[in-house]
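S.K.: got a predicted structure plus its sequence, pasted below:
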Amino acid sequence: MDISSLQPAAVWRHFSTLCRIPRASGHEGALRDELSAWARARGLGASVDAAGNLVLRKPASPGRENRPGVVLQAHLDMVCQKNGDSAHDFARDPIRPVLRDGWVTASDTTLGADNGIGVALALAVLEASDLEHPALEVLLTVAEESGMNGALGLTPDAVDGRLLLNLDTEEWGELYIGCAGSADVIGEGSLPVEAPPDGLRAVAVRLSGLAGGHSGIDIHRGRGNAIGALSRLLHTLAATGVDFRLAAFDGGTAHNALPREAVARLFLADTPRLQAHADSFAAGLRAELPEEDASLRIDIAPDPAPPATALTREAARAVLSLLHDLPYGARAMNERMPDVVETSNNIGELRLDGGRLHINAMARSLRAESLRALSAEIAGLFSRAGLDARLQGDGPEWTPAPDSGLLALARGVYRQTFGAEPGVKVIHAGLECGVFSALWPEMDMISFGPTIQGAHSPDERVEAASVQRAWLLLTGILAAIPAA
């Protein structure tokens, strides 16, 4: 069904533009150019900073010039995930949104509602001529999904507004006032290899069918991690006495997405025993994992182009022990908010080929000291396995301010508009507000958005009705901001 029938029409029209133009992290230039031209054609200010962030400006509506300026903030890039059998090319092909039972989704790929809907909401505000609002700045950052590089490249004079509305959360009815900090811990190294012994068969073991999802907001759901599950299969296989050589291992495509698929390439003699072990392991794992992972499967097939080398026994044992010992999923829950994850880790990417190993772990925590401790623990495990360990992409936490004046205003608008009380939450995911709160400590900010499910996976979908409600809240807040 055509999404052009949805309301607010301007929001969905802008979202369709974002779906048409590829916008993977680090490749937002074409979209940024189009939005800059769109803004200038309407007499709006448009500028791009050294980091590639786009700022669009609109003067206050008549009579609202004495209100404090407001920054509407979202990010241009999206996580690019697709099903294994999809031919979609994220560098060239448009996303094709469809409406199904009140939800907008895409076929076989991520939709990009995270954070394309936030961008579309902000653009629709700029376009509207019948809204009451203070002076507006729309801050559209780049490379948020790959490490918040755009936000980290901002300078203190990037915007003038005193209030900030971040449009990048995914549970309608919740106002967010804090977020987790994050850090990527990278382990890399070269391991000894040798030619596999004669007489062994080359096979590929593929684990697929997991639901995946966002490594922050879905981490508490207990979903399977394909890298962890497949390494556990190999670890238990070795414990049964089956002799095999590990040649390659590949899993995950994004540090902030739960890996849905992984494949290991092995040399071994006893393939029937491997098949029996895999079948038993898969059955046990299905019973252990939540219902959304019920499609889990493990396929074993001859490797049509086997590698020339495999890890030595000692090196393979060290790799499998490392993968077994690494932390996966939620580490600790918050004591004050029992339903909120405080600290977690996601092994999001693993590449082993020709003896060269690369592992990307993404640690998160609401507490800076817990994040440092977990990052150091992971780095220590990498080092003990003979890998070089480094930290990158440090994303600061956003400390909650429950006495925020902007929060009180937004709660009042929500009550008046919807006749209910919104939730006030802290999210176990990285929001750019963590960067902004350090850069602009006096700025008052909150975050909200429509309901998005399955972000960072091909199951991503956004509830159409919640987009309209988010629009009503956004425009209501802008109209209600009092004089300075």
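M.R.: Alright, I've got the coordinates.
S.K.: strands along the stretch 51-200 of the chain, start to end?
M.R.: Ranges of strands within the stretch 51-200 of the chain are 54-58, 70-75, 97-100, 103-106, 136-141, 163-166, 174-179, 181-190, 193-194, based on DSSP state E, counting those that start in this stretch.
S.K.: tell me which of these lies nearest to residue 207.
M.R.: Proximity to residue 207 (Cβ to Cβ) singles out strand 181-190 among these, at 21.1 Å. All C-beta spots, glycine's among them, are computed from the backbone N, C-alpha and C.
S.K.: who does that closest one touch, helix- and strand-wise?
M.R.: Counting by 3 or more Cβ pairs under 8 Å, 6 or more residues apart in numbering; DSSP states H and E, the packing neighbours recorded for strand 181-190 are strand 356-365, helix 368-384, strand 388-395.
S.K.: tell me what angle it forms with strand 388-395.
M.R.: 160 degrees (axes from the mean of the first three to the mean of the last three Cα atoms, to 10 degrees).
S.K.: would you mind listing the buried residues in strand 181-190?
M.R.: By neighbour count with 16 or more other Cβ atoms under 10 Å, strand 181-190 contains the buried residues 181-187, 189.
S.K.: let's have those in a markdown table, adding distance to residue 235 and pLDDT.
M.R.: Rendered in a markdown table, the data for those read as follows (distance: Cβ to Cβ, whole Å; pLDDT from 0 to 100):
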| residue | distance to residue 235 | pLDDT |
| --- | --- | --- |
| 181 | 31 | 93 |
| 182 | 27 | 93 |
| 183 | 26 | 93 |
| 184 | 24 | 95 |
| 185 | 21 | 98 |
| 186 | 22 | 98 |
| 187 | 17 | 98 |
| 189 | 19 | 98 |
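S.K.: pull out the buried positions in the helix or strand of the chain with the lowest mean pLDDT.
M.R.: Least confident helix or strand, the chain: strand 388-395 with a mean of 88, by mean pLDDT, DSSP states H and E. Of all the residues in strand 388-395, those buried under the rule 16+ other Cβ under 10 Å are 389, 393-395.
S.K.: low-confidence ranges, this protein, go.
M.R.: Applying pLDDT under 70 to the chain flags the ranges 1.
S.K.: quick one, helices of it?
M.R.: 9-20, 29-41, 113-127, 149-152, 226-239, 271-288, 313-325, 368-384, 405-418, 433-439, 464-480 (DSSP state H).
S.K.: for these, give me CSV that also has mean neighbour count and distance to residue 82.
M.R.: Formatted as CSV, the helices of the chain follow (neighbours: other Cβ atoms under 10 Å; distance: least, Cβ to Cβ, whole Å):
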stretch, mean neighbour count, distance to residue 82
helix 9-20, 20, 14
helix 29-41, 16, 19
helix 113-127, 26, 15
helix 149-152, 23, 23
helix 226-239, 21, 15
helix 271-288, 14, 23
helix 313-325, 18, 25
helix 368-384, 17, 28
helix 405-418, 16, 36
helix 433-439, 21, 29
helix 464-480, 20, 23
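S.K.: can I get those in a markdown table with distance to residue 209?
M.R.: Shown next, in a markdown table, are those (distance: least, Cβ to Cβ, whole Å):
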| stretch | distance to residue 209 |
| --- | --- |
| helix 9-20 | 27 |
| helix 29-41 | 33 |
| helix 113-127 | 23 |
| helix 149-152 | 33 |
| helix 226-239 | 9 |
| helix 271-288 | 9 |
| helix 313-325 | 20 |
| helix 368-384 | 27 |
| helix 405-418 | 39 |
| helix 433-439 | 34 |
| helix 464-480 | 28 |
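S.K.: picking up where we left off before, give me the contacts around the least confident helix or strand of the chain.
M.R.: 146-149, 181-189, 255, 375, 378-380, 382-383, 430, 434-435 (Cβ atoms under 8 Å, 6 or more residues apart in numbering).
S.K.: ok and it relative to helix 368-384, angle-wise?
M.R.: 160 degrees.
S.K.: ok, longest strand in this protein?
M.R.: Taking DSSP state E as the criterion, the chain has its longest strand at strand 341-353.
S.K.: check which residues of it are buried.
M.R.: Buried residues in strand 341-353 (16+ other Cβ under 10 Å): 341-350, 352.
S.K.: list the neighbouring strands of that strand plus their orientation.
M.R.: Within its sheet, strand 341-353 is paired with strand 244-251 (antiparallel), strand 329-333 (antiparallel), strand 356-365 (antiparallel), according to DSSP bridges.
S.K.: can you redo those strands as a markdown table with distance to residue 405 and mean neighbour count?
M.R.: A markdown table is the format used below for those (distance: least, Cβ to Cβ, whole Å; neighbours: other Cβ atoms under 10 Å):
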| stretch | distance to residue 405 | mean neighbour count |
| --- | --- | --- |
| strand 244-251 | 46 | 24 |
| strand 329-333 | 30 | 17 |
| strand 356-365 | 28 | 23 |
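S.K.: just so I know, which of those strands lies nearest residue 71?
M.R.: Taking the strands paired with strand 341-353 one by one with Cβ to Cβ, strand 356-365 is closest: 24.8 Å.
S.K.: restricting to C-alpha, output the closest one in CSV.
M.R.: Only the C-alpha atoms of strand 356-365 are listed here, as CSV (Å, rounded to 0.1, in the frame of the first residue of the first chain):
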residue,chain,number,x,y,z
ARG,A,356,43.8,-12.4,10.5
LEU,A,357,41.2,-11.9,13.2
HIS,A,358,39.0,-8.8,13.8
ILE,A,359,36.4,-8.5,16.6
ASN,A,360,34.2,-5.5,17.4
ALA,A,361,32.6,-5.4,20.9
MET,A,362,30.2,-2.5,21.7
ALA,A,363,29.9,-1.9,25.5
ARG,A,364,27.3,0.4,27.0
SER,A,365,26.5,1.6,30.4
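S.K.: now do that strand against strand 174-179, angle only.
M.R.: Here strand 356-365 runs at an angle of 110 degrees relative to strand 174-179 (the same axes, to 10 degrees).
S.K.: gap between strand 356-365 and the chain center?
M.R.: The chain centroid and the centroid of strand 356-365 are separated by 14 Å under Cα atoms, centre = their mean, to the nearest Å.
S.K.: stretch 404-422 too?
M.R.: 28 Å.
S.K.: other residues contacting that stretch?
M.R.: 163, 173-175, 177, 401, 424, 444-446, 448, 469, 472-473, 476-477, 480-482.
S.K.: do stretch 265-274 as well
M.R.: Contacts of stretch 265-274 (Cβ under 8 Å, 6+ apart): 196-197, 199-205, 234, 237, 240, 242-249, 300, 303, 306-307, 310.
S.K.: in JSON lines: the strands paired with strand 341-353, plus distance to residue 408.
M.R.: Formatted as JSON lines, the strands paired with strand 341-353 follow (distance: least, Cβ to Cβ, whole Å):
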{"stretch": "strand 244-251", "distance to residue 408": "46"}
{"stretch": "strand 329-333", "distance to residue 408": "28"}
{"stretch": "strand 356-365", "distance to residue 408": "28"}
